[in-house]
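S.K.: predicted model and sequence below, questions to follow.
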Amino acid sequence: MNSKKNFSFGDKILEILENSLDLEEDDFVAWKVARIKRDPFKILVAIILSQNTIEKNTLRAYVNLDRTIGVTPENIFNVDITRLKEAIRIAGLQDAKARAIKNLSTIIVKKLGGDSYKLEDMDIDKIQKILRNIPGIGRKTIDVFLANIGYPILPIDTHIKRVSYRIGLADYKSYEKMQMELHRVFRPKVRLKAHMYLIKLGRTYCKALRPKCDICPVREYCIKRV
């Protein structure tokens, strides 16, 4: 194992990122929703809306959905899917996202009596089993949800995959193997924070095209696999 891959190295990287980047609530809509009210259904809806779009559009779609329909399992379950699609159109991929949100609401209403908080009473395997059977809800969406309700999981997205490989936090690019490596670098209690800061690093400096290596706050630790 690379000697860098330990909690001390993760602590150092995270310290630098915390001192160099500001996390704002609107940077991560699911995190914002979780901080305002830890409602599992609302968090999951925000995560689904965030798929393949920018956070600005995620927030606009979420706010519009809440204003016009209401982000509750019962409201979504009872609304016509055409109206649901229109409410979230700004987030893009509205057909697939509307189906996922609709199917999620159906599971919550029919299997959990409309109470999404029952998800928090389940063990992680049961939560994963329920959610992964919903088309449009994959591994990353489930991990982001689990992280936002307190599980020590570091979800992987395209920014984290790129940044972690370039810096040398991970040698593998597959989701499962990279996550295992990052769990060896970042302590359980800071994994959600690390998830967000690594994404912010990718959005701000370590971009896919033309990364800003000369002003990147972790450039001295980077192994420059650009």
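M.R.: Arrived safely.
S.K.: do you know how far the residue nearest to the spatial centre of the chain is from Asp214?
M.R.: The centroid of the chain falls nearest to Val144 when counting by C-alpha atoms, centre = their mean (3.8 Å). Separation of Val144 from Asp214 (C-beta to C-beta, to the nearest Å): 32 Å. C-betas here are computed from N, CA, C, even on glycine.
S.K.: before we move on, what about Tyr165?
M.R.: To Asp214, Tyr165 is 20 Å away according to C-beta to C-beta.
S.K.: more neighbours: those two, which one.
M.R.: Tyr165 (18 against 7; other C-beta atoms under 10 Å).
S.K.: check which helix or strand the more buried one maps to.
M.R.: Assessed by DSSP states H and E, Tyr165 sits inside helix 158-167.
S.K.: list the buried residues for the next helix or strand after that helix?
M.R.: Scanning forward in sequence from helix 158-167 by DSSP H and E, the next helix or strand is helix 175-185. Neighbour-count burial for helix 175-185, counted by 16 or more other C-beta atoms under 10 Å, picks out 175, 178-179, 181-183, 185.
S.K.: elements contacting helix 175-185?
M.R.: In terms of contacts (3 or more C-beta pairs under 8 Å, 6 or more residues apart in numbering; DSSP states H and E), helix 175-185 is packed against helix 7-20, helix 139-148, helix 158-167, helix 191-204.
S.K.: neighbours of Ser20, how many?
M.R.: If you count neighbours by other C-beta under 10 Å, Ser20 ends up with 16.
S.K.: just use 58 as the starting number from now, easier for me
M.R.: Let's use 58 as the start, then, which means that last one is Ser77.
S.K.: nearest spatial neighbour of it, skipping sequence neighbours?
M.R.: Nearest residue to Ser77 in three dimensions, chain neighbours excluded: Pro274, at 3.7 Å (C-beta to C-beta, 6 or more residues apart in numbering).
S.K.: then Arg276?
M.R.: Using C-beta to C-beta, 6+ apart, the nearest residue to Arg276 is Cys270, at 5.8 Å.
S.K.: correct me if wrong: Phe255 contacts His216.
M.R.: In this structure residue 255 is Leu, not Phe. Yes - if you go by C-beta atoms under 8 Å, Leu255 and His216 touch, sitting 6.7 Å apart.
S.K.: when those two are compared, which one has more neighbours?
M.R.: Neighbours were counted for Leu255 and for His216 using other C-beta under 10 Å; Leu255 has more, 28 against 19.
S.K.: who's in contact with the nearest residue to the more buried one once chain neighbours are set aside?
M.R.: By the measure of C-beta to C-beta, 6+ apart, the closest residue to Leu255 outside its immediate chain neighbours is Ile217, 4.8 Å from it. Residues near Ile217 by C-beta atoms under 8 Å, 6 or more residues apart in numbering: 211, 235, 239, 252, 255-256, 259.
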